[in-house]
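Engineer: here you go, sequence then predicted model.
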Amino acid sequence: MDILIKVLVGMLFVAVIYLIEKALVRFSKWYGAVPLIIWSIFIGYLLFTKGLSQFLGLLVVWIVGISVLAEIWQDVWHKKKHIQQRELDSMKAKDFKNR
């Protein structure tokens, strides 16, 4: 039961990060890097407070976390670009139609 709670908390964390990324990328592409920076700072803090005894474990967690966050960032950015391109194509079509 304890592991189920940890998995659910992890899934909730990823969902919240996804929503934050989506909101931040709306303003600028580079704001989506904020969760990546926060994650790196958090893992660095854990590394210094836990000591080097858990270095390999924290390194793996950092790499997996960065890859997941970067994938979310890239996915949200591509979706935004696709929506913008579709709106631009629609506006061009209406403009040509009105001529």
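Structural biologist: Now that the structure is in, tell me what you want to look at. Everything quoted here is computed from the prediction, not taken from an experiment.
Engineer: against which helices or strands is the helix or strand hosting Leu88 packed?
Structural biologist: Per DSSP states H and E: Leu88 is located in helix 55-98. For helix 55-98, the contact count by 3 or more Cβ pairs under 8 Å, 6 or more residues apart in numbering; DSSP states H and E identifies helix 2-27, helix 34-50 as packing neighbours. To be clear about C-beta, it is placed using only N, CA and C from the backbone, and glycine gets the same treatment.
Engineer: in this protein, where is pLDDT below threshold?
Structural biologist: Within the chain, the stretches with pLDDT under 70 are 1, 6, 99.
Engineer: what about Ile72, how many neighbours?
Structural biologist: 20 (other Cβ atoms under 10 Å).
Engineer: which residues touch it?
Structural biologist: For Ile72, the contact set (Cβ atoms under 8 Å, 6 or more residues apart in numbering) comprises 14, 17-18, 21.
Engineer: can you add distance to Asn98 and neighbour count and give those back as TSV?
Structural biologist: Formatted as TSV, the entries for the contacts of Ile72 read as follows, by distance: Cβ to Cβ, whole Å; neighbours: other Cβ atoms under 10 Å:
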residue	distance to Asn98	neighbour count
Val14	45	14
Ile17	43	19
Tyr18	39	17
Glu21	37	23
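Engineer: farthest pair in the residues you listed?
Structural biologist: Val14 and Glu21 (10.3 Å; Cβ to Cβ).
Engineer: and stretch 59-67, what's buried?
Structural biologist: Neighbour-count burial for stretch 59-67, with 16 or more other Cβ atoms under 10 Å as criterion, is recorded at 62, 65.
Engineer: who's in contact with it?
Structural biologist: 36, 39-40, 43.
Engineer: for PyMOL, write the select line for the buried members of these.
Structural biologist: Selection command for PyMOL covering only the buried members of those, criterion 16+ other Cβ under 10 Å:
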select buried, resi 36+39+43
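Engineer: and the contacts of stretch 59-67, which is closest to Glu87?
Structural biologist: Comparing every one of these with Glu87 (Cβ to Cβ), the shortest separation belongs to Leu36, at 27.9 Å.
Engineer: so what's the residue count around Ala33?
Structural biologist: Residues contacting Ala33 under the criterion other Cβ under 10 Å number 16.
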